[in-house]
Every structure is written in C-alpha cells, then in structure tokens.
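Undergrad: with the input below, show me the fold.
(one chain, ligands or ions: 1)
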Amino acid sequence: MAPNPHPGPGEETLDAVVVGGGPGGAVAALCLARSGRRVAVLERETGPHFHVGESLLPEVEADLARLGLAERAAALPRVPKPGVTFVSAAGTAPGRPLRFADALDADPQAATNTEREPFDAWLLQEAADGGADVRRGVTVRGIERLGSGGVRLSTTQGPVSARCLIDASGQATLAARHLERAGRGFRRNEPGHERTAYFGHFTGVERSPMPEGGHLTVVMLDEGWFWIIPIDDERTGIGVVLPAGLAREQRVKPDRVLAWAIARCPEVARRTRDAAFPDGNRVAADFSYRCGPTAGPGHLLVGDAAAFIDPVFSGGVSIAIKSGRWAAEAAEASLAALDRLPADASDAARAAAFRAPGRRYARRLAASHRVLFSMIRSYYRPAYRDLLHHGEGPLGVHRASLELLTGRAFPRARFSVRWRMVLMKAFACVQEHVRLVPPLPRWSLVDDGVGGAPAAGPADGPAVAETRPPAEPPAQGRGRIVSSASR
Ligand SMILES: Cc1cc2nc3c(=O)[nH]c(=O)nc-3n(C[C@H](O)[C@H](O)[C@H](O)COP(=O)(O)OP(=O)(O)OC[C@H]3O[C@@H](n4cnc5c(N)ncnc54)[C@H](O)[C@@H]3O)c2cc1C
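TA: Residues are numbered from 1 along each chain as shown. The predicted model follows:
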C-alpha cells in the first residue's frame, strides 16, 4: 500500500480528512467509515449550531433512506412539507400551492422542514456512530500541502495528515481558496447573482391549515423573494433575498432589513401582523460563487465548498448530501487504487489513482449544478414566474417543473422532464412578448411604479392599486419584539 509519503515525525496518517461537519461532510465521512476507512471530520464548532436552510427537498428523504437513516431521521422534530406555494408580494392574488404528489414521477417522496441545528448535529453523530473520528472544536487554519502525495492541514489542535482531503467547509471554501492562491484553482463569484439574505425565526405567523400549512411559501417580489418556512408548531423561519447593496441604498441598517422589507410587502405584512418578530435579523452575503477544480489529485470539493448560487429552490442540503455520498465513492475508489501501488510509487502513479474517480465525481457534480442553477436563473425571469404560478400548462410542463422541485433531477433529470423544461423556457420567452397566462401582480419594495401603485407589470397585466404599507420597520407595538436569546 502507498501511504502518505510526507507525514511529520510521529504523525498519524488518515485515509481521508473531511473539513466541515455540515450535511456534506457528515455524509462523506459516514460513507467512508462504513467502507472501513480511517476518516476524521474536523469541525470548528464545539456543538450544535445555527444554520440557515430549513426547507428540505423530497430527494433529501430519498438519500437518507439510501443511507439507511430514514427511520432515525423521522424521529427528529420536523414539519411535513407536501409542496411549495408561490404567491405575489402584492397580496392581491391567492397563492398557487404546488404539490409534490402532482410531479411527473408517479412515486413522490414526502419532504420536510427541519430546524438545521438538530438535523446537522444528528447527521454528524451518525457519522461518529458509523466509525468516523469526529473532532469538534477543531478549526483548520490552512492547508500546508495538497496533492497526489496526500494532504497536511494546520489546525488549532496541531497538524493533521491524510491520503486525501474532502473539503466540506461550506461557504468558507477552504480548499478552493488554497488552490487559487497556489494558481491551481479558482473561487469565482457568480455574475448577476450578487444578493444578500436577511432572516430570522418568528412566532405567531399566520398559517394555512395542514397539509398546506407545511408548504414552503415563496413570496415573489420584483427585487427578489421572501421565504416562509414553518419549522415547528410555533416557529416560522422568514427571510428575504435582495440584491446586494439595496439595503445600503435605502439606508436601512443590515439588522433591520427584514422588518423593513416585511413592512413594505403586503402579503408578508398581513401574515405577520400578530407575530412576534426577532430582535433584528441575521444576514448572509456573498453566497453566489463557483469553485474548481471540484476534484483533483488528493482532493474533492463537496456541497457549498464547491458552489452555491441562490437558495430559492432549497437545493443546498440535497446537493450537499448527494455530493458527500459521491465524494466518498470517489475517495474510496482512489484509495483502493493507491492501496494497489508499491510503497515507492511515483507521484505520477499516485496522481493516476485519483484521475478516473475524480473525473466521474466532477461530472456528476457539474451536471447537478447545471440543473439547479438553470432553474434558479429561470426563476429570476418574471415571465417564468408567471408560468410557474399559473400552475397548469400543456403536455405536463408543470408536472415536470414539479419533478425538478423535488430534487429528483440530480445529477440529470429524466428525458421526459428535460424536453418539457425546454418547452417551459420557450413558453417563458413567448410570455415575455405575448400573454399566454395572466401575469402575476408585481410588487416592488422600492419602486413606486405608476402613481404609487405596485411596480408596473406587462402592459396588459391587471391594474392593481393598493396603498403601500408604511416604509418604516414595524413599531414596537406592531410585532412583539423578542430578545435575541429567544430566537
Ligand atoms: C440564505 C440561505 C438560505 C438557504 N436555505 C436553504 C434551504 O431552505 N434548504 C436547503 O436545502 N438549503 C438552503 N441553503 C443552503 C444550505 O444551507 C447549504 O447548501 C448547506 O448547508 C450546505 O451544506 P455543506 O455541508 O456543504 O456546508 P455547511 O452546512 O455550511 O457546513 C460547513 C461546515 O464547515 C465548518 N467549517 C467551515 N470552515 C471550517 C474550518 N476552517 N475548520 C473547521 N470547520 C469549518 C462549518 O462550521 C460548518 O459546520 C440556504 C443557504 C442560504 C445562504
């Protein structure tokens, strides 16, 4: 077997080291440990911690079932999520509930909304129970060496060496930044997707009766969108995604943007009129980027460490879990090839051990990103949103869109879905010029449109004329302000 040729004196060499104990890292480590590999997860947080992203796709359930974890996942506190409801921010048209059960695939899985703190902690514990060495409270400070000869990390607990690195460090994108500095890789912001999200947990938000009460609601705005996610009987996650810089232009403090946006959005203001608001909001910025190469001699990038663009279709956790599984398969294949080499194998021979599994991994991940990112780009076209909201179309195009929304499209949607999506995009082009379906009432948080009415829609759109709610964040009396400790 060819070990890591350059460990420090007295230093152990693992088969694989995983940086980051989020869903991607936990699943990669679990799978490698199950294959009998010596794998450690280095996670900088000492215990369960907040993470945004409570709305999970049906495909997450399917992947958990593939991993044999479905039963234990069902014991977590979760809200069943049978679909997604799209609604205009103007508050003048009823929302359009889309049910996963109506997807093209006749056998849809249920989905759930889950608070990430217990979900992520549980998945990491599964990795530990499965045999991975989970080291919490260990921050990776840098990568000292990375290549076909293995990896050496400097951490707050001393150096760690392994035969390969799985980077699941999320938006920290540890390996991509290292490779970029070394001139061997890149981390590029995604042009046209410069957005910032402002979010928090509320109580007392108005909900529809179940089962629709469990839907993810996407409230569509000219500038972006709100999410409304029921995460348990009491709490609802609400967030708004806006162009980066908009809050600054409007002179709204970052921690007040969510309340400011809600006060200007009739649909969300109505649903939260009796709600307890969080004391300020959390902020996520600079989250649209791609990294590469996603696989190379000695490394694989998983989940957000590889790419992220926009959370509108809730694909992040699904791609993290899938890529964690695929990365473990690729790492296992490379390690098995390294095992067959003599101890004095050349660097070229070691590099060859990573090549084929790495290529397959990179292809699968790139294909998944293509599907998800194309859906996201479509969403930001108002004409596409009109069609999505309309909920019906010829030849099952909406049922195909729904199949994409279940996540059963990674790495590649079925042919029956793909051709329908081409058709849906063609319909969106037509809708931009000729009205195929009634355009949605549009709403802008900042543009008063014509005569104080919502932002102007297509010329033949319905005339909607309500008064905009007050531009100021809600006063203390509007929503009870709860302390940050109770968030
Ligand atoms: C505003 C917003 C809303 C979202 N909403 C959703 C949603 O509703 N549904 C959904 O599926 N997805 C959503 N996402 C995306 C989703 O949260 C991520 O895609 C998902 O968490 C990625 O998982 P991961 O394992 O790749 O990374 P993460 O979950 O981010 O895990 C990375 C881990 O690495 C650790 N780490 C980082 N650097 C180091 C270091 N140097 N040393 C040691 N440890 C380190 C971190 O502490 C963290 O635990 C959203 C994202 C955003 C920005």
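
Undergrad: report the distance from stretch 321-340 to the chain centre.
TA: If you compare the mean C-alpha spot of stretch 321-340 with that of the full chain, they lie 23 Å apart, counting by CA atoms, centre = their mean, to the nearest Å.

Undergrad: C-alpha coordinates for it, PDB please?
TA: Presented in PDB, the C-alpha positions along stretch 321-340 are these (Å, rounded to 0.1, in the frame of the first residue of the first chain):
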ATOM      1  CA  ILE A 321     -25.800  15.100   0.900                       C
ATOM      2  CA  LYS A 322     -25.600  13.700  -2.600                       C
ATOM      3  CA  SER A 323     -22.100  15.100  -3.300                       C
ATOM      4  CA  GLY A 324     -21.000  13.800   0.100                       C
ATOM      5  CA  ARG A 325     -22.000  10.300  -1.000                       C
ATOM      6  CA  TRP A 326     -20.400  10.600  -4.400                       C
ATOM      7  CA  ALA A 327     -17.200  12.100  -2.900                       C
ATOM      8  CA  ALA A 328     -17.000   9.100  -0.600                       C
ATOM      9  CA  GLU A 329     -17.400   6.700  -3.600                       C
ATOM     10  CA  ALA A 330     -14.600   8.600  -5.500                       C
ATOM     11  CA  ALA A 331     -12.300   8.700  -2.500                       C
ATOM     12  CA  GLU A 332     -12.800   5.000  -1.800                       C
ATOM     13  CA  ALA A 333     -12.000   4.200  -5.500                       C
ATOM     14  CA  SER A 334      -8.800   6.300  -5.400                       C
ATOM     15  CA  LEU A 335      -7.700   4.900  -2.000                       C
ATOM     16  CA  ALA A 336      -8.300   1.400  -3.300                       C
ATOM     17  CA  ALA A 337      -6.100   2.200  -6.400                       C
ATOM     18  CA  LEU A 338      -3.400   3.700  -4.100                       C
ATOM     19  CA  ASP A 339      -3.600   0.500  -2.000                       C
ATOM     20  CA  ARG A 340      -2.500  -1.500  -5.000                       C
END
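
Undergrad: that stretch - what's its average pLDDT?
TA: For stretch 321-340, mean pLDDT rounds to 98.

Undergrad: just stretch 120-136 next, same as before
TA: Mean pLDDT, taken over the full extent of stretch 120-136, equals 98.

Undergrad: in the stretch 351-487 of the chain, which spans are strands?
TA: 480-481 (DSSP state E, counting those that start in this stretch).

Undergrad: for the stretch 51-200 of the chain, which residues are neighbours of the ligand?
TA: Proximity of the stretch 51-200 of the chain to the ligand (CB under 6 Å from any ligand atom) is limited to residues 51-56, 139-140, 168-170, 172, 174, 197. Where you see a C-beta, it was placed from the backbone N, CA and C, and this is true even at glycine.

Undergrad: one more time with 5 Å, if that's ok
TA: V52, G53, S55, T139, V140, A168, S169, G170, A172, A197 (CB under 5 Å from any ligand atom).

Undergrad: gap between the first one and P311?
TA: Put plainly, it is V52. Remark: distance between V52 and P311 (CB to CB, to the nearest Å) = 8 Å.

Undergrad: more crowded one of these two?
TA: Taking V52 and P311 together and counting by other CB atoms under 10 Å, P311 has the greater number of neighbours (22 against 16).

Undergrad: shouldn't G237 be within a strand?
TA: Yes - counting by DSSP: H, G, I helix; E, B strand; the rest coil, G237 falls inside a strand.

Undergrad: which SSE is the residue nearest to it when sequence neighbours are not counted in?
TA: Of all residues beyond its chain neighbours, the one nearest G237 is I229 (4.2 Å), with distances taken as CB to CB, 6 or more residues apart in numbering. Element membership of I229, judged by DSSP states H and E, is strand 225-230.

Undergrad: if we can go back for a sec, joint contacts of V52 and P311?
TA: Both V52 and P311 are contacted by A197, under the criterion CB atoms under 8 Å, 6 or more residues apart in numbering.
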